[in-house]
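Trainee: the following block contains a protein sequence and its predicted model.
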Amino acid sequence: MESLQIKGVSKTYGKNPALNNIHLNIQRGMFGLLGPNGAGKTTLMRILTTIIPANKGEITFGRYSIKQENEFKSIVGYLPQSFSIYKQIKVDEALQHIAVLKGLKHNIRQKVNEVLEQVNLLEHQHKKIAQLSGGMIRRVGIAQALLGEPQILIVDEPTSGLDPEERIRFRKILRQVGNQSIVIISTHIVEDIETTCDQAAIMFNGNVLIQGNIRDISQAAAGKVWETTVTPEQFHNIPYDWNVISSYREEDSYRVKTLSEIQPENGKMLSPSLEDGYLYLMKREKS
Ligand SMILES: Nc1ncnc2c1ncn2[C@@H]1O[C@H](COP(=O)(O)OP(=O)(O)OP(=O)(O)O)[C@@H](O)[C@H]1O
């Protein structure tokens, strides 16, 4: 099975480095790119979509190389975070127009219907974009990215701004696409990755800190996640260096989850989640 191979990719803006010698090997399925603002995720996605060139490195997918820009572009679909579309046009007309711009020549109406079906918008095809909710517009965004049957689909901040129901629906659509193609989602919402992805990479300051399956990344925090039960008074005076990740209110106490190299008093060790692994790696990099 072909994989997307990113080898030694670097990018600077003027003198400022944005990506430092990135290596990633991405297989079919859902792949998460996780990192805080400024980590370099958008830069990497813009390189993959050939919007900007890398300064160094190689990117290939089977016989396709990013050096043959137009050919490579034809196998990539992209939904940018800032996807917007003219509001006074109907859904099907908008997609037919985009299909032509993408260079599709035959059976355009049928191909538009297929992608509308994939994103559950077939019944809304004759509505104007202005009549759709934010979540539905985002699904139109996925539909346009799917035109041309890309082998690699890249989605930036897939669920930001969506309500919980639409978020779940959107993740489901991405997972369906991930059965046949590579889907790369870039986000700082850990839950998006935890609920949809098989594999992920964590980026920070232009570097890949770790790549692997979700469990492996979670394990970065193994032996460092603790749960302690405290009184309300103790809870309100928790020192900053406890590194509280989350807390749950019980009837007359609080359960507090913390990140620590050493066992806190009465601390019970927990098995780490992806968020714990991510927070641990961030803390390690920043200290
Ligand atoms: N067009 C640009 N010109 C100059 N510097 C840029 C440009 N785009 C990004 N950068 C810088 O490159 C670095 C990586 O930014 P990038 O947008 O790729 O990160 P990100 O992980 O996508 O962050 P965010 O989640 O905020 O979009 C940052 O230091 C950013 O300031």
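Mentor: Received it, and whenever you're ready, just let me know what you need. All of these numbers come straight from a predicted model, not from anything done at the bench.
Trainee: for whichever residue of the stretch 51-200 of the chain sits closest to the ligand, give me its contacts.
Mentor: Relative to the ligand, the nearest point of the stretch 51-200 of the chain is His188 (5.9 Å; Cβ to the nearest ligand atom). (Each C-beta comes from the backbone N, C-alpha and C, glycine too.) Each residue near His188 by Cβ atoms under 8 Å, 6 or more residues apart in numbering is listed here: 34-37, 157.
Trainee: in strands, which of the residues you listed fall?
Mentor: Using DSSP state E, the subset of these located in strands is Leu34.
Trainee: which one of the contacts of His188 sits closest to Ser65?
Mentor: Closest approach between these and Ser65, by Cβ to Cβ: Gly35, at 26.0 Å.
Trainee: touching, the closest one and Ala200? I think so.
Mentor: No: counting by Cβ atoms under 8 Å, Ala200 is not a contact partner of Gly35; they are 10.2 Å apart.
Trainee: give me the more crowded residue out of these two.
Mentor: Just comparing Gly35 and Ala200: by other Cβ atoms under 10 Å the higher neighbour count belongs to Ala200, 27 against 24.
Trainee: report the contact partners of that one.
Mentor: With contacts defined as Cβ under 8 Å, 6+ apart, the neighbours of Ala200 are 31-34, 193, 211-214, 217, 274.
Trainee: SS state for it?
Mentor: Counting by DSSP: H, G, I helix; E, B strand; the rest coil, the backbone at Ala200 sits in strand.
Trainee: give me the neighbour count for the residue nearest to it when sequence neighbours are not counted.
Mentor: Once flanking residues are discounted, Ala200 sits nearest to Gly32: 3.7 Å by Cβ to Cβ, 6 or more residues apart in numbering. Gly32 has 26 neighbours, counted by other Cβ under 10 Å.
Trainee: which SSE is Gly32 in?
Mentor: Using DSSP states H and E, the element containing Gly32 is strand 29-34.
Trainee: tell me what that strand is packed against?
Mentor: Packing partners of strand 29-34 (3 or more Cβ pairs under 8 Å, 6 or more residues apart in numbering; DSSP states H and E): helix 41-48, helix 164-178, strand 182-187, helix 190-196, strand 199-204.
Trainee: quick one: the third one to helix 41-48, angle?
Mentor: Counting by axes from the mean of the first three to the mean of the last three Cα atoms, to 10 degrees, strand 182-187 points 150 degrees away from the direction of helix 41-48.
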